[in-house]
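Asker: sequence plus predicted model, see below.
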Amino acid sequence: MAASDFALEKGLPSNIDAEKFVLGAILMDDANFVQVAGWLDADDFSLEKHRRIFSRMHDLSERGERIDRVTVANELMKQNQLESVDGLSYLVSLDDGLPQIFALDSYVKIVKDKSVMRRIVFASQKLIDRCLLGQEEPDDILAGAEETLLKLGESRSTQTLLNTQQILANYEGGINVFLDPSKRIKGTSTGFYKFDEMTAGMHEGELIILAARPAMGKTALALNIAHHVATSVQDPKTVAVFSLEMSADSLLTRMMCAAALVDQQKFRAGYLNQDERRRLQMELGRLVQAPLYLDDTSGTNLMDVHAKLRRLKAEQGLGLVIIDYLQLMSSRGRSENRNQEVSAISRGLKLMAKEMRVPFLVLSQLSRAPETRPGDHRPQLSDLRESGSIEQDADLVMFIYREEVYNRDREDLKGHAKLIVAKQRNGPIGDVNLVFIHHATKFENPLHEVDTSGE
């Protein structure tokens, strides 16, 4: 008999005895329901009658009532379901013969494992059906497959609540490092001294939003940070840049010219002197050696980003992810409106950053409110475009503000820029002064500031 035929004869994965033991344990002591309900729901049981019994137990628990044979039977009768679960005699049989001490965790794990395997079977069958129908593009089917499997993976999460002792035991370096700020792991430096002082750098798992009106320099600042992180002499980290607006070669050109302080227009026109050519050549050499990866796929969605980052992290490690910009991303799922879609993307990016333990620097557009606001054009959190959830999901929100954009006739404002930290979960808010070099589209620290980071 072929292996596939044998597998089909076995039927769907299940363990009826483990399901009976779990339900019986709850009937024996209803305090066990809280423990079981933290891991299982009704759909995790393979038999319909077990699903109905567990659902009625849940109803009783929700009302704060006792769970035993009599109350569950009564609840089933109210729903006209007692006969469909083989009556009171079946409820009695569930806890009949169960020992006083039993491995409930083991039974729950078996039920959950079988449930996940059944869901994998159902998901696989749906994928087979989609492939056989041939009504969709292969890329769409693959994206759907990955999304389905990721959701199944989330259901397998075994993360539990930790007490203080467990947190300290898991902390890298132990209690001595936890208590000593000088020994604690610092975040990734951006190269902007005052910003790094204010935030202690970009930390793993953080969703950092960099927002501004068009032509303020969002992409320029993000590329400046990417260059600093990837080419750091002391600790270069792998950087992944997803640009939904510019081509990869344009990004590389901007980064190279900014680092070499060469006018991009002169570079594109070919009017370069010998010194500029030398500086560009040196800078390109550094970038070629740097762990820097660019992706210019238009219409990128969360699943595409997740798949590419997982591969990159497995092969090269990962230190920083940059996405330019959030409003150009799309969602595979259906959303009632654009606000909901942006909210889903924002939440997905936060979860991805947390899962991968990497800072995500995500660029975002602002509404027109700063331009129409009389007198004060400084951006505010309420100006974030299309969704309030961006502000909610972000660990840090910062805005680029260059007053010279609104007052072009004032020479004293030329080159002055501010990075406004408007939200920070774990630190202060405030302004960081920067210098904007127009011809190189590069942000730099003011001359009077010094590097205190040790880089």
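Answerer: Here it is on my side, so go on.
Asker: the residue nearest to the spatial centre of the chain and L207, how far apart?
Answerer: With distances taken as CA atoms, centre = their mean, M352 lies nearest the centre of the chain, 2.1 Å away. Distance of M352 to L207, given as CB to CB, to the nearest Å: 9 Å. (Each C-beta comes from the backbone N, C-alpha and C, glycine too.)
Asker: repeat that for V358.
Answerer: Counting by CB to CB - V358 and L207 are separated by 11 Å.
Asker: for the protein, what helix or strand is lowest in average pLDDT?
Answerer: Least confident helix or strand, the chain: helix 3-10 with a mean of 51, by mean pLDDT, DSSP states H and E.
Asker: what is the subsequent helix or strand relative to that one?
Answerer: helix 16-28 (DSSP states H and E).
Asker: alpha carbons of that next one, as CSV, please.
Answerer: Provided in CSV are the C-alpha atoms of helix 16-28 (Å, rounded to 0.1, in the frame of the first residue of the first chain):
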residue,chain,number,x,y,z
ILE,A,16,-10.4,10.9,21.2
ASP,A,17,-9.1,9.6,24.5
ALA,A,18,-7.1,12.8,25.2
GLU,A,19,-10.2,14.9,24.4
LYS,A,20,-12.3,12.8,26.8
PHE,A,21,-9.7,13.1,29.5
VAL,A,22,-9.6,16.9,29.1
LEU,A,23,-13.4,17.3,29.4
GLY,A,24,-13.5,14.7,32.2
ALA,A,25,-10.8,16.6,34.2
ILE,A,26,-13.0,19.8,34.0
LEU,A,27,-16.1,17.9,35.2
MET,A,28,-14.0,16.4,38.1
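Asker: tell me what it is packed against?
Answerer: helix 32-37, helix 48-62, helix 87-94, helix 104-133 (3 or more CB pairs under 8 Å, 6 or more residues apart in numbering; DSSP states H and E).
Asker: how many neighbours does Q281 have?
Answerer: A count of nearby residues for Q281, using other CB atoms under 10 Å, gives 11.
Asker: in contact with it, which residues?
Answerer: Taking CB atoms under 8 Å, 6 or more residues apart in numbering, we find Q281 in contact with no residue.
Asker: what does the pLDDT read for it?
Answerer: Listed pLDDT for Q281 reads 84.
Asker: any weak-confidence spans in the chain?
Answerer: Scanning the chain for pLDDT under 70 picks out the ranges 1-10, 97-102, 143, 146-147, 150-186, 330-338, 385-388, 448-455.
Asker: domain map for it?
Answerer: Per automatic domain parsing, the domain ranges recorded for the chain read 1-157, 185-444.
Asker: single out the most deeply packed of these.
Answerer: domain 185-444 (a mean of 18; mean count of other CB atoms under 10 Å).
Asker: how far off centre is that one?
Answerer: Centroid separation for domain 185-444 versus its chain: 17 Å, with CA atoms, centre = their mean, to the nearest Å.
Asker: repeat for stretch 43-50
Answerer: Counting by CA atoms, centre = their mean, stretch 43-50 comes out at 33 Å from the chain centroid.
Asker: next: stretch 17-31.
Answerer: With CA atoms, centre = their mean, you get 37 Å for stretch 17-31.
Asker: show me where the stretch 251-400 of the chain has helices.
Answerer: 264-269, 274-289, 302-316, 338-356, 369-372, 389-393 (DSSP state H, counting those that start in this stretch).
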